[in-house]
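Trainee: Provided below are the primary sequence and the corresponding predicted coordinates.
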Amino acid sequence: MMDTPHPPHAAGGQGCHFCPTHSLNLLQLSALYAVSQVLNRTLDTADMLREMLRVLHDEAGLTHGLIAVVEPDSGALMVHSLHHPQAPQPETVRYQPGEGILGLLLEQPRTVMLKRVADEPRFLNRLGVYAPHLPFIAVPIKVGSAVCGVLAVQPEDEDDGLLSDRGQFVEMVANLIGKSVQLAREVAQERHALIEERDSLRRTVRQQFGFDNVAGHSASMRRVFDQARQVARWNTTVLIRGETGTGKELIANAIHYHSPRSRHALVKLNCAALPENLLETELFGHERGAFTGAVDTHKGRFEQAHGGTLFLDEIGEISSAFQAKLLRVLQEGEFERVGGSRTIRVDVRVIAATHRDLEAAVDAGEFREDLFYRLNVMPLFLPPLRERIEDIPDIAQHLLGKIGQAQGRKLRMTDAAISRLAAHHWPGNVRELENCLERAAVLSEDGRIDVGLICFPGARERGNARPAAARPAPAMHAAPPSVDDPSLSERERVIAALEQAGWVQAKAARLLGMTPRQIAYRIQTLNIEVKQL
Ligand SMILES: Nc1ncnc2c1ncn2[C@@H]1O[C@H](COP(=O)(O)OP(=O)(O)OP(=O)(O)O)[C@@H](O)[C@H]1O
């Protein structure tokens, strides 16, 4: 086994039986050890330089240590640190290239060693700290081949014939300082680049998930935008309500990315997608060993969203027992992980969404009234698409832009196609419109979408539309069947609902009046292959 390394002992001082050179070497070895510790301790260059001068003084008998650095703008040497009890404000002293001994090192970067500093005519003693009868050593500090500063010291004894050994030691220290400065610069540059990249990514995310991503200019949508922008600034809990596919999640995104919390995470959870026990561990996390298979501690969504926003979709679907647990976090901002006893405090803004009539659920005793009021601090209502038909051209254009971008071509739609869209009932709202346009885009050879390419899984038209049967069927594509079509087998009905809901099972379940678990069971037993869109 190896011993822990100890610093080499200085051999100078009383009773040493080594020759002077050997004693000096041992002293310098010990000092070098202290220098390496300074380099190891800090990445803060200013701190490191000050500490270095102290070590040279305390451990190597090199006094009046000075470090001057080249100013990038002027090219002059500015005194950065000076080890002297009555040192003047060092930053006020500068040397131009060629000026004094230090300035000379900028023009001729090599080590200068003087036996008596007062004998050198270039010696300016501008700092007024040097002893004229003592030697003087000045060494350039280089980053690569460029001089970035100067290290100067005065050995505390008169010339003892060991000046060149001392000079070599100071060169060694200057080289180590140069390497450390280079490393600190590279770290700073990398950090700067990372910050720039992070800020640019933040701007992109904000654009992608902000209000620009939500199309529509109807009066009802303008009201939603106004309210959402207003509430975004505060920590208020928001309850977004509206039918499936009306854009609730989109609005939640926009609120988060326009809020002061946008630098932190937006964490999402669909409450209908998980059974209660999983929902609890997903939201609150669990401790290691909390249950079979809990091999590690797991942070729940509340913890992941600390400082940011938690979006709880389908909040109307949670059980009464779970409603009580959620209420506690919302009220007190604290909870325990499953299997844990430590109370965890979080700072999370909650945005919840539901398609359910929560007031009716409260009346029916299915949803806690206190939780309802806790969530309903700022309600936002997203109107169904059929009640804002004037938004259809805008939204369709926006969606075609996105689909076209994914397909790498420009898509355009005829007026007749838009009229046909406006005549539809839109039970699946904007999600259904998105699917309808994607289908049409896939079927379009030349990027032009005419009325013949518009077809709906659900055939409920608004009053002013032509009946579905009278519509010309697209030549290469039959309209997908309707969920309501009584002639469909159960398997076809489930597939039609999934199609209509964009293959989001929880939504398809709602169209069929089933629970998410029931539809999952049907998908399995009817052997339906689930599409990942
Ligand atoms: N106003 C809009 N402008 C552009 N796209 C929209 C708009 N509203 C909804 N969408 C698009 O429709 C789809 C469904 O939107 P979103 O998921 O936000 O709806 P939702 O109300 O949360 O649905 P659900 O209740 O089923 O979870 C998404 O692909 C979304 O991008």
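Mentor: In hand now; what should we look at? Numbers count the residues shown, from 1 in each chain.

Trainee: contacts for stretch 380-397?
Mentor: Applying CB atoms under 8 Å, 6 or more residues apart in numbering, the contact partners of stretch 380-397 are 215-218, 220-221, 224, 227-228, 231, 238-243, 245-248, 251, 413, 418, 421-422, 424-426, 429-430, 433, 437, 462. For glycine as for every other residue, the C-beta is placed from the backbone atoms N, C-alpha and C.

Trainee: Could you pick out the buried ones from these?
Mentor: 215-216, 218, 221, 224, 227-228, 231, 238-243, 245-248, 251, 413, 418, 421-422, 424-426, 429-430, 433, 437 (16 or more other CB atoms under 10 Å).

Trainee: Out of the residues you listed, which sit inside strands?
Mentor: Among the buried ones among the contacts of stretch 380-397, the ones falling in strands (DSSP state E) are Val238, Leu239, Ile240, Arg241, Gly242, Met413.

Trainee: Quick one: the residues you listed as a markdown table, columns for pLDDT and distance to Pro383 too.
Mentor: Formatted as a markdown table, those follow (pLDDT from 0 to 100; distance: CB to CB, whole Å):
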| residue | pLDDT | distance to Pro383 |
| --- | --- | --- |
| Val238 | 97 | 17 |
| Leu239 | 97 | 16 |
| Ile240 | 98 | 12 |
| Arg241 | 97 | 10 |
| Gly242 | 96 | 7 |
| Met413 | 95 | 23 |
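
Trainee: Of those, which is the nearest to Ile523?
Mentor: When those are compared for distance to Ile523 (CB to CB), Gly242 comes out closest, at 26.0 Å.

Trainee: With adjacent residues omitted, what lies nearest to that closest one?
Mentor: Closest residue to Gly242 apart from its sequence neighbours, by CB to CB, 6 or more residues apart in numbering: Leu382 at 3.1 Å.

Trainee: what pLDDT does that neighbour get?
Mentor: Per-residue pLDDT puts Leu382 at 97.

Trainee: Report the contact partners of the residue nearest to Leu266 when sequence neighbours are not counted.
Mentor: Distances taken as CB to CB, 6+ apart put His256 closest to Leu266, at 4.3 Å, once the chain neighbours are dropped. Contacts for His256 (CB under 8 Å, 6+ apart) come out as Phe209, Ala232, Ser262, Leu266, Gly308, Thr309, Phe311, Ile351.

Trainee: repeat that for 10 Å
Mentor: Each residue near His256 by CB atoms under 10 Å, 6 or more residues apart in numbering is listed here: 206, 209-210, 232, 238, 262, 264-268, 305, 308-311, 349, 351.

Trainee: Please apply the same query to Ala131.
Mentor: So Ala131 contacts Thr63, His64, Arg116, Val117, Ala118, Gln154, Glu156, Glu158 (CB under 10 Å, 6+ apart).

Trainee: go on, Gly245?
Mentor: Gly245 neighbours (CB under 10 Å, 6+ apart): 355, 382, 384-385, 426-435, 500-502, 504, 507.

Trainee: State the number of residues packed around Thr281.
Mentor: For Thr281, the count of nearby residues is 18 (other CB atoms under 10 Å).

Trainee: any idea how far the ligand is from it?
Mentor: Distance of Thr281 to the ligand, computed by CB to the nearest ligand atom, to the nearest Å: 22 Å.

Trainee: For the ligand, give me its nearest residue in the stretch 101-250 of the chain.
Mentor: Gly247 (2.7 Å; CB to the nearest ligand atom).
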